[in-house]
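Asks: got a predicted structure here, sequence first:
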Amino acid sequence: MKTKIMLLFLTFLTANLSLAQNSSEEEEIINLSKAKWQWMSDKNVDKLDSLFHEKSMFVHMGGTWGKEPEINIIKSGGIWYKNADIHEVSVKIIDNTAILLNKITLLAVVGGNEVTNPFEVTEVYINQNGNWKLGSLSFTKLLIPNAQ
């Protein structure tokens, strides 16, 4: 009897774990987002240029702009995304669009001042001809101190 109960418990546990896993497409988006944070930290504008869609938009605490200004800001060091400490990530795919949510603590240098802020970051990716392009990146500052 104990064996049957244990098998039933393990079956239930295994089923729940398999449901919690991301699809391979979702994993691809999560890995692409992680790579993007590293490229932003490294100021690797060549990689970012190929990732950002030509019509992409970026929403920051200080304004909203398109691809070219974002690339130029990263290249010049106007904003240096030194480190994104990712606490949570989720992704939903709707047809050829992926919406990724990151809860992060961002260490950045903005206008020469080092700042740390908790953000919920929304990233929208569009699949074009088998390649994912970043269409939008929006920062929403969390009001909870030391949010994780």
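Replies: Sure, I can see it. As the structure is a computational prediction, the values presented were derived from the model and not from experiment.
Asks: excluding chain neighbours, what is closest to the residue nearest the centre of the chain?
Replies: Central residue of the chain (C-alpha atoms, centre = their mean): residue 33, 4.3 Å from the mean position. Nearest non-adjacent residue to residue 33, counting by C-beta to C-beta, 6 or more residues apart in numbering: residue 100, 5.3 Å away. C-beta here means a position set from N, CA and C on the backbone, and glycine is covered the same way.
Asks: cool, and residue 132?
Replies: Nearest residue to residue 132 in three dimensions, chain neighbours excluded: residue 125, at 4.6 Å (C-beta to C-beta, 6+ apart).
Asks: what about that neighbour, how many neighbours?
Replies: As a burial measure, residue 125 scores 26 neighbours (other C-beta atoms under 10 Å).
Asks: so who does residue 82 touch?
Replies: Neighbouring residues of residue 82 by C-beta atoms under 8 Å, 6 or more residues apart in numbering: 41, 107, 108, 109, 114.
Asks: does it count as helix, strand or coil?
Replies: strand (DSSP: H, G, I helix; E, B strand; the rest coil).
Asks: which elements pack onto the helix or strand encompassing residue 132?
Replies: For residue 132, the host element (DSSP states H and E) is strand 131-141. For strand 131-141, the elements it packs on are helix 24-42, strand 52-60, strand 97-110, strand 113-128, judged by 3 or more C-beta pairs under 8 Å, 6 or more residues apart in numbering; DSSP states H and E.
Asks: the third one vs helix 24-42, what angle?
Replies: Taking axes from the mean of the first three to the mean of the last three C-alpha atoms, to 10 degrees, one finds strand 97-110 and helix 24-42 inclined to each other by 20 degrees.
Asks: ok now strand 97-110, how far from the chain's centre?
Replies: Counting by C-alpha atoms, centre = their mean, to the nearest Å, strand 97-110 is centred 5 Å from the centre of its parent chain.
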